[in-house]
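>>> Provided below for reference: sequence and predicted model.
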Amino acid sequence: MTDRRSLIAGLALAPIVFAMPRAAHASTSAWDMAMSEYLVARKASDASPFSDELCDAMVEAESKLLALPGPHIRAVEWKLSCLQDIAEGCVITPEAIGRVLADVRRLVARG
């Protein structure tokens, strides 16, 4: 991961955290669609690491995933891994951690 990506991702989190919907139920199909978009954007960004446009698209797709409620434990794992990756040199807000905790609590309550 590049320092540039970490910086952009950290900056991108701030407005997303406050705009996140408070959905009661997580949609697996919405998560899967957003993950597919992220994987395409990441592949393109990795293939052209000096493209600001492709990096921005990847960070936007990543931020969208972080904003969606995680419908399953794999989503929570992905979110924590993503936050860990961008944590160096960035401030991870309590709200960002709170979203992941909300996912965990929802999944635990579901059984």
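Received the coordinates, thanks. Remember, it's a predicted structure, so these values are computed and weren't measured experimentally.

>>> Report the rounded mean pLDDT for stretch 63-76.
Stretch 63-76 shows a mean pLDDT of 95.

>>> now for the top helix by length along the chain, which elements pack on it?
When the chain is parsed with DSSP state H, its longest helix is helix 28-47. On a contact count with 3 or more CB pairs under 8 Å, 6 or more residues apart in numbering; DSSP states H and E, helix 28-47 meets helix 52-67. (C-beta placed from N, C-alpha, C; glycine too.)

>>> Give the buried residues for the following helix or strand past the helix it packs on.
Sequence order places helix 73-87 as the next helix or strand after helix 52-67, per DSSP states H and E. Across helix 73-87, burial judged by 16 or more other CB atoms under 10 Å covers 75-76, 78-79, 82-83, 86.

>>> Over to stretch 41-56?
Within stretch 41-56, the residues that qualify as buried are 41-42, 45, 54-55, counting by 16+ other CB under 10 Å.

>>> Quick check: which ranges of this structure have low pLDDT?
1-26 (pLDDT under 70).

>>> center of it, which residue is that?
For the chain, the residue sitting closest to the mean C-alpha position, by CA atoms, centre = their mean, is residue 66 at 2.8 Å.

>>> how much space between that residue and residue 110?
Per CB to CB, to the nearest Å, residue 66 is found 21 Å from residue 110.

>>> again, but for residue 72
As judged by CB to CB, residue 72 and residue 110 stand 10 Å apart.

>>> Which one's more surrounded, those two?
A count of neighbours by other CB atoms under 10 Å puts residue 72 above the other of residue 72 and residue 110, at 14 against 10.

>>> Surely that one touches residue 106?
No - counting by CB atoms under 8 Å, residue 106 is not a contact partner of residue 72; they are 10.4 Å apart.

>>> if we can go back for a sec, wait, the residue nearest to the centre of the chain sits on residue 96?
Yes - the criterion here is CB under 8 Å, and residue 66 meets it with residue 96 at 6.9 Å.
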